[in-house]
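Engineer: for reference, the sequence and a predicted model appear below.
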Amino acid sequence: MKSIDPFATQAPGPLRLFVYGTLKRGFANHGYFCQGLLDVQEAEIRGRLYDGPGFPLLQVPDEDILAEGTGRAMHDLAVQLRTADQLQSSSRSVGTSTVTGSWDTVYGELFSFSDPEESLPAIDRLEDFNPGHASLYRRVLVSAATSDACEVTWVYVVETPGLKERRLYSGRWPEV
């Protein structure tokens, strides 16, 4: 008998994903992996961006991580929606406009997907996100600032970039 995931019983809503590399509009992986988009907005988060081997690598501050992705699309969507509701009803600030210490503003695009069960597993595979196993990236929940709001969103991050990666202080990839 299949167990019921209590998180996955919430009302459906768009899955939000902050992208900063090859999934952005106009780049190699966008057309293939980003079907079913409801909306795209310019957005920014707090982090450190590095120029990796043909793609960027991102770190975010531990204190900005609201949840860890599980690899179960509907569960992760429910966690995103529940976290957004909790933050909206609490006094906790989720703004990203204050860049402190050694963290930069990282610029990208905020995607809203209509069908996370179709789109998210393929993107997880592209990003080598494999919960419970060795993976290049983790998918974590953070807040992103758009021109008119703060949104709770998933983003792929690395633990520690290698020594050969060059930090992109501009917060943009590719850096021109």
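Structural biologist: On my side now, so go ahead. Numbering: from 1, shown residues only.

Engineer: now do the helix ranked longest in the chain: which elements does it pack against?
Structural biologist: Longest helix in the chain by number of residues, with DSSP state H as the criterion: helix 73-89. Helix 73-89 sits against strand 15-19, strand 67-68, helix 116-126, strand 138-145, strand 150-157, with contacts defined as 3 or more CB pairs under 8 Å, 6 or more residues apart in numbering; DSSP states H and E. (Glycine included, C-beta is placed from N, CA and C.)

Engineer: now, of those, which is deepest in the fold?
Structural biologist: Of the helices and strands packed on helix 73-89, the one with the most neighbours on average (mean count of other CB atoms under 10 Å) is strand 15-19, at a mean of 25.

Engineer: show residues contacting the next helix or strand along the chain from that strand.
Structural biologist: Downstream of strand 15-19, the next assigned helix or strand under DSSP states H and E is helix 30-33. Helix 30-33 has contacts (CB atoms under 8 Å, 6 or more residues apart in numbering) with Thr22, Leu23, Lys24, Ser119, Ala122, Ile123, Leu126.

Engineer: quick one on the thing from earlier: turn the helices and strands packed on helix 73-89 into TSV, columns for mean pLDDT and distance to Leu37.
Structural biologist: Converted to TSV, the helices and strands packed on helix 73-89 look like this (pLDDT from 0 to 100; distance: least, CB to CB, whole Å):
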stretch	mean pLDDT	distance to Leu37
strand 15-19	98	10
strand 67-68	98	22
helix 116-126	95	8
strand 138-145	98	16
strand 150-157	97	14
